[in-house]
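S.K.: No sequence on hand, only this structure:
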């Protein structure tokens, strides 16, 4: 079968379209024939070596497809089930073996491509707005990159929970998408400094929480956008890592809370995985959350998918189709 592997860290050219052996299920595993694999910024971190893993590595932490075989002891899924997963390496491939306790059955009415697009970003958005800082009616949040795959989901979920949503974007086209997803106010950071705009919008109070997946270029000003005892939730670093922080900074800026969370810690228990996935996939099935799948690349064109993602010219989700 074919898979995308990296043998040495590097740019998009490091992604190799390799022949590899088809997987066989070990005990507790299921083999999946992939319908689609999600492309996420964490894949870039592994490709560049920012995140370490044994090489050669089949990239991809999110996918969906049909079960073709199961190993000993597997009772959660059976051959033919439509399933999705995240947090297990190896989805940039035609087939992969996944621990069965990490698989979620797709509800009727949710297509495999939607499952592949929803698991990582959808459950990340879910824990951000329900666990990292549980939004409620009357809260105001700032969402950076509000027209990206994560941003559009955050805007929709925050609005569902009754929050006022301020989003930052780079273009008028992206502003329209963010507004359609529920953003009450949209700031074009290419034309306006988002810090004074947030203070103007909030009457000088500041927001209750910042959801920041951008990192280096937004972090410092985001701290200044928070109300006293506000919550800074840094969940990614699309523009680069945030430098080391003097903790006295979060004292003098208002006894702030700072969190750098990971999805894996919020779905470690199968019960929590099923609860979060069930909520997200249920919202998608019922039309309460809409996915924007902007680009679908053939598996062999994974390098082009990474270039599109890193170029920050995309909105919504990118998929690879084996």
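M.R.: Thanks, I have it. In this text, all values refer to a predicted model and were calculated from it rather than measured experimentally.
S.K.: What strands flank the strand ranked longest in the chain, and is each parallel or antiparallel?
M.R.: Assignment by DSSP state E gives strand 29-39 as the longest strand of the chain. Neighbouring strands of strand 29-39 in its sheet, by DSSP bridges, are strand 62-70 (antiparallel), strand 95-99 (antiparallel), strand 317-321 (antiparallel).
S.K.: Quick check: buried residues in it?
M.R.: Using 16 or more other CB atoms under 10 Å as the test for burial, strand 29-39 gives 29-39. All C-beta spots, glycine's among them, are computed from the backbone N, C-alpha and C.
S.K.: can you check stretch 284-304 too?
M.R.: In terms of neighbour count (16+ other CB under 10 Å), stretch 284-304 has its buried residues at 284, 289, 291-297, 299, 301-303.
S.K.: do the same with stretch 12-24
M.R.: For stretch 12-24, burial by neighbour count (16+ other CB under 10 Å) applies to 12, 14-15, 20, 23.
S.K.: do stretch 312-322 as well
M.R.: Applying 16+ other CB under 10 Å to stretch 312-322 flags 314-320, 322 as buried.
S.K.: same question, stretch 151-171
M.R.: 151-159, 161, 163-169.
S.K.: Start and end of it, how far apart?
M.R.: 14 Å (CA to CA, to the nearest Å).
S.K.: try stretch 36-47
M.R.: 19 Å.
S.K.: Do a quick rundown of the strands in the stretch 101-250 of the chain.
M.R.: Using DSSP state E, counting those that start in this stretch, the strands found in the stretch 101-250 of the chain span residues 104-105, 140-143, 164-169, 185-188, 207-212, 226-234.
S.K.: Residues touching the fifth one, excluding its own?
M.R.: The reference is to strand 207-212. Here strand 207-212 makes contact (CB atoms under 8 Å, 6 or more residues apart in numbering) with 128-129, 132-133, 135, 139-144, 154, 166, 198, 218-219, 222-223, 225-227, 230-236.
S.K.: and it, average pLDDT?
M.R.: The predicted model assigns strand 207-212 a mean pLDDT of 98.
S.K.: Run through the residues that contact residue 291.
M.R.: Here residue 291 is in contact with 114, 117-118, 284, 316-317 (CB under 8 Å, 6+ apart).
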